[in-house]
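In: could you work out the structure for the sequence below:
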Amino acid sequence: MGTTGTAEALTAAGIGAGDEVVVPSYATPDAAEAVRRAGAVPVFADIDPDSLCLDPASVAATLTLRAAAVMPVHLFGRRADLAGLRAVADRRGLLVIEYEPYEPHEPYEPPAATDENARRRRANAAYLNARLRGVVTPAAGPGIEHSYRTYVVRIPGNGRPDRDAFARALRARGVRCHVPVQTPVHRLPAHRRDLWLAETERAADQCLALPADAALTPRELHHVVAVCNALGGLVPEAA
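Out: Okay, here's the model as predicted:
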């Protein structure tokens, strides 16, 4: 469901004025906007550092007597911890309404090609996971569902200058990349809140999306690895 459909689902569930819906701040603003369209108030919780999706413990800590629902956002092809979030919601009798955003940097895929493209993306991601050095690759392993709609790594360091310098160096060497979430939603003017979400802020400073889409050739994948590894993960800002 998009923003309009999600707002309608909230309204149909009886959620509206005076109600609060917990959403992630590390995401597009669409989920928060859907809550506002329904007349309710978005409340922001922190994310799990591995999945980059809502953290059940943080959600539990944000709940007030006005809480009516929890809205996990499935991000970059990684699924939120629905079991953990439902456990938190069930203790309070809250609804869980999932939201899967449109990711503007993701190439369009005709429905008939979706399964094959997903297989190729996973293969490309596995190649990058095994070979990239100096960056933190997406968590992978048994029990982790990830389609790698967007391949997001972390550039560790002392904050935004390291990640942004690394991105500029990649682009200068012909590797396309983008910052997947430029500004957490709770710091946008339309949704501004005076709160500190540590993992959200850290992800906003460190995360970078690298190419791993199905159309990449083996040569292009090798180039991504060679350029990233040659930079050594961190690129200090020029004095």
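
In: show me the domain layout of this protein.
Out: Domain assignment for the chain by automatic domain parsing gives 3-96, 111-231.

In: what mean pLDDT does the first one have?
Out: Right, the one you point to is domain 3-96. Average pLDDT, domain 3-96: 95.

In: how many residues are close by Y26?
Out: Residues lying near Y26 (other C-beta atoms under 10 Å) number 27. For every residue, glycine as well, the C-beta is placed using N, CA and C.

In: hmm, back to that, quickly compare the domains of the chain and say which is most buried.
Out: domain 3-96 (a mean of 20; mean count of other C-beta atoms under 10 Å).

In: okay, how far is it across that domain, tip to tip?
Out: End-to-end span of domain 3-96 (C-alpha to C-alpha, to the nearest Å): 16 Å.

In: surely D213 is within a helix?
Out: No - counting by DSSP: H, G, I helix; E, B strand; the rest coil, D213 is located in no helix; its state is coil.

In: residues in contact with the spatially most central residue of the chain?
Out: Centroid-nearest residue in the chain: L75, 3.9 Å away (criterion: C-alpha atoms, centre = their mean). Residues near L75 by C-beta atoms under 8 Å, 6 or more residues apart in numbering: P24, Y26, A27, S51, L52, C53, P101.

In: same thing but at 6 Å, please
Out: L52, C53 (C-beta atoms under 6 Å, 6 or more residues apart in numbering).

In: that one pairs with what?
Out: Bridge pairing for L75 (DSSP bridges) gives the partners R78.

In: so which residues of the protein form helices?
Out: Counting by DSSP state H, the chain has helices at residues 3-12, 30-37, 56-62, 82-92, 114-131, 160-172, 198-206, 218-231.
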